[in-house]
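S.K.: Sequence and predicted structure are below.
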Amino acid sequence: MTELVPRPTVAALRARIAHLEGAETYAREVLPFGVDMLDRRMPQGGLAVGCLHEIAGGGAGAVDGAAAASFAAGIAARLPGPVLWCVTQADLFAPGLEQAGLSPDRVIYVEAGDDTAVLACMEEGLRHGGLGAVVADVARLSMTASRRLHLAAKASGTTGIALRRWRRQADASDFGQPTAAMTRWRVSVLPSAPLPVPGVGRPRWLIELIRARAGESFDLELEGCDGTGHLGLPADVADRPAAAAGRQHALG
């Protein structure tokens, strides 16, 4: 007869496999978004701190990265400490980051020549241990590179954000390739709610969590980051039934 494997042995094997894959086997510190409809769908109720995350823009935002950068700035703004922001082209709009809560006096800018140099700077920043977050504009992110970044973030406790941007929208298909990031987000611009007087309303985004370890994918319409880095829940979305406010999909 085949001898059954004891449950403790199975549990130990699963933990070992999870460790080799870089998965989390214990509760990590999380950064809540402050929007209940979003946080309750996140593993552990928020964004895992001290890990690597990916963010990209949807549609034309895959190239300009404006909404995605604001989303990343809002996250970095709510983490304590300086923020290292690595870019390949000098088109980062500092006043826009400040509108999302990230003050210019907290940001250290590094302009590198290409993706390879940006990734090297990002890894050094993550290993430093004295930063609140490291953000890097990068087009291509391999599994090997992302694993190095994720391990560096875990070792130091510094949160890493890979802001995925491409020269051409057609190149954004690279975003579908697997990486070691804890979460993968896509942020698309939606029309703002009309105001009763002339002016520009608060930005509105379609935020899609495409991938999350030990979680489920979903999409949700939210208002863009305010001056404190927090997202908002539009009144018309809050009044919708849960099924209509955002779609949720199980991940394999």
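M.R.: Perfect, thanks for sending it.

S.K.: what sits against the nearest residue to residue 234 once chain neighbours are set aside?
M.R.: Spatial nearest neighbour of residue 234, chain neighbours left out: residue 223 (5.6 Å); criterion: CB to CB, 6 or more residues apart in numbering. The C-beta positions use only the backbone N, C-alpha and C, and glycine is treated the same way. For residue 223, the contact set (CB atoms under 8 Å, 6 or more residues apart in numbering) comprises 202, 203, 204, 205, 231, 232, 233, 234.

S.K.: Identify the residues contacting the second one.
M.R.: Taking CB under 8 Å, 6+ apart, we find residue 203 in contact with 67, 70, 189, 192, 223, 224.

S.K.: Can you list which of those are found in helices?
M.R.: 67, 70 (DSSP state H).

S.K.: who wins for most neighbours among the contacts of residue 203?
M.R.: residue 67 (28 neighbours; other CB atoms under 10 Å).

S.K.: For it, which residues are in contact?
M.R.: Contacts of residue 67 by CB under 8 Å, 6+ apart are 57, 61, 187, 188, 189, 203, 205, 224.

S.K.: low-scoring pLDDT stretches of this protein, where are they?
M.R.: Along the chain, the model assigns pLDDT under 70 to residues 1-8, 10-27, 239-252.

S.K.: Okay, strands next: where are they in it?
M.R.: 30-31, 47-48, 52-57, 83-87, 107-111, 133-138, 159-164, 183-190, 204-212, 217-223, 248-249 (DSSP state E).

S.K.: Tell me how far the nearest residue to residue 192 once chain neighbours are set aside lies from residue 190.
M.R.: Distances taken as CB to CB, 6+ apart put residue 201 closest to residue 192, at 3.6 Å, once the chain neighbours are dropped. Using CB to CB, to the nearest Å, residue 201 is found at 11 Å from residue 190.

S.K.: Looking at those two, which has the bigger crowd around it?
M.R.: More neighbours surround residue 190 than the other of residue 201 and residue 190, with 17 against 12 (other CB under 10 Å).

S.K.: thinking that one is in contact with residue 207, fair?
M.R.: No: counting by CB atoms under 8 Å, residue 190 does not reach residue 207; the two are 9.9 Å apart.
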